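1. how does the following fold in three dimensions:
(one chain, ligands or ions: 1)
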Amino acid sequence: MMRAGILALQGAFAEHRNMLERLGADCVEIRQRTDFHENLDALVLPGGESTVMRKLLTELELLEPIRKSIEAGMPVMGTCAGLILLAENVAGGESCFGTMPVTVRRNAYGRQLGSFQTVEEMKGVGQFPMTFIRAPYIEEAHDGVEVLAVTGGRIVAARYGSQLGLAFHPELTDNPDIHRYFIEEICRK
Ligand SMILES: NC(=O)CC[C@H](N)C(=O)O
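-> Model prediction:
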């Protein structure tokens with residue numbers, strides 16, 4: 001059985017847990033340094049507030065061990081704030097793990113469009129209901145990054161090897177297709 005670690009310092013981690021458990025994965029919530037160990041098969045970085053998560057990751061001395069594991073190939077899915085944590089460059093902000101060669105822009109849709117929903121095609125997944133909440137988008141995807149979904153001309157899903165970054169929140173829908181894609185296409189390959 002797959003064992004996934006879910007960063008549970010803040011944000012929408014419980015919803016990821018529910019979704020992964022529905023798909024048969026075993027989940028461990030990562031709240032402190034000792035929760036993060038090498039026998040995890042995958043990692044999920046939830047939505048929430050990236051500046052708060054970054055601060056806590058640093059204080060709890062989780063930042064470097066997680067960065068090293070991602071660099072060593074541990075499959076990771078980052079949603080919304082989680083995508084910001086993965087990005088190499090954060091326009092107008094600081095990077096955290098910096099393992100995914102993309103530039104993201106935070107709170108990128110302006111106040112009027114702070115939150116919205118749309119249905120869009122995602123490569124490898126199909127039509128998917130995307131929920132955006134004060135979301136970032138990927139402004140630039142560098143070499144080796146595969147763009148998986150675009151909405152309104154903006155990149156909202158991308159993959160770089162075993163790293164999956166999403167600007168929206170698949171865990172807040174009832175649709176498990178992206179979590180299934182992560183397990184089957186990224187974790188099992
Ligand atoms: N829903 C979210 O995860 C929002 C992300 C948040 N705006 C940030 O910058 O971290």
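2. so residue 184 belongs to a helix, correct?
-> Yes - under DSSP: H, G, I helix; E, B strand; the rest coil, residue 184 falls within a helix.
3. up against the ligand, what does this protein have?
-> The chain has residues 47-50, 80-81, 84, 106-107, 133-135 near the ligand, with proximity defined as Cβ under 6 Å from any ligand atom. All C-beta atoms are positioned from the backbone trio N, CA, C, and that covers glycine.
4. which of those scores worst on pLDDT?
-> Checking pLDDT across these, the minimum falls on residue 107 at 84.
5. residue ranges for the strands of the chain, please.
-> Applying DSSP state E to the chain gives strands spanning 3-7, 26-30, 42-45, 76-79, 87-91, 100-105, 115-122, 126-133, 137-141, 146-151, 154-160, 163-166.
6. which other residues reach the lowest-mean-pLDDT helix or strand in the chain?
-> Lowest on mean pLDDT, DSSP states H and E among the helices and strands of the chain sits strand 115-122, with a mean of 94. By Cβ atoms under 8 Å, 6 or more residues apart in numbering, the list of residues contacting strand 115-122 from outside reads 109, 127-134, 148-151, 156-157, 178.
7. what about the residue lying closest to residue 114 once chain neighbours are set aside, neighbour count?
-> Distance criterion Cβ to Cβ, 6 or more residues apart in numbering; nearest residue to residue 114, sequence neighbours excluded, is residue 134 at 5.2 Å. For residue 134, the neighbour count with other Cβ atoms under 10 Å is 16.
8. same question for the one 10 residues further on.
-> The number of residues packed near residue 144 is 10, by other Cβ under 10 Å.
9. contacting residues around it?
-> By Cβ under 8 Å, 6+ apart, the neighbours of residue 144 are 101, 160-161.
10. since we're on the nearest residue to residue 143 once chain neighbours are set aside, how many residues are nearby?
-> Spatial nearest neighbour of residue 143, chain neighbours left out: residue 101 (6.7 Å); criterion: Cβ to Cβ, 6+ apart. Neighbourhood size, residue 101 [other Cβ under 10 Å]: 18.
11. ok, residue 101 to the ligand distance?
-> 19 Å (Cβ to the nearest ligand atom, to the nearest Å).
12. residue contacts, that residue?
-> Residue 101 neighbours (Cβ under 8 Å, 6+ apart): 88, 141-145, 160.
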